[in-house]
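Novice: Structure here, sequence nowhere to be found:
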């Protein structure tokens, strides 16, 4: 298990590999000692889920959906508002 803080991040993060899949979570802790305890609890719970066969209910970190995975992800599918089609405003006379 790894425990790290992202650059500019407030909370400590943890990650581990179980069953060939990478998993990660936030500890929601700012202090290292508290983050270590939270990460250990998370890891033990994750390992228990793996042993009980419940781990497949989780979404592995690398399987997160991205914009390109969404149906109708084309910008052409967005409708423009009537304001987008309005004539440009004329500049004020000086």
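Specialist: Right, received. Where do you want to start? A quick note: this is a predicted structure, and the numbers were derived from the prediction, not measured.

Novice: For the helix or strand of the chain with the lowest mean pLDDT, list every residue counted as buried.
Specialist: For the chain, the helix or strand with the lowest mean confidence is strand 21-26, at a mean of 94 (criterion: mean pLDDT, DSSP states H and E). Under the neighbour-count criterion of 16 or more other Cβ atoms under 10 Å, strand 21-26 has 21, 23, 26 buried. Just so you know, the C-beta spots here come from the backbone N, C-alpha and C atoms, and that holds for glycine as well.

Novice: so can I have TSV of those residues showing distance to residue 41?
Specialist: Converted to TSV, the buried residues of strand 21-26 look like this (distance: Cβ to Cβ, whole Å):
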residue	distance to residue 41
21	19
23	14
26	13
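
Novice: Considering the residues you listed, which is situated nearest to residue 45?
Specialist: The closest of the buried residues of strand 21-26 to residue 45 turns out to be residue 23 (Cβ to Cβ; 10.8 Å).

Novice: Look up how far residue 31 lies from the closest one.
Specialist: Noted for residue 23: a distance of 23 Å to residue 31, by Cβ to Cβ, to the nearest Å.

Novice: repeat for residue 40
Specialist: Relative to residue 31, and taking Cβ to Cβ, residue 40 is found at 14 Å.

Novice: would you say residue 48 is within a helix?
Specialist: Yes: assessed with DSSP: H, G, I helix; E, B strand; the rest coil, residue 48 lies in a helix.
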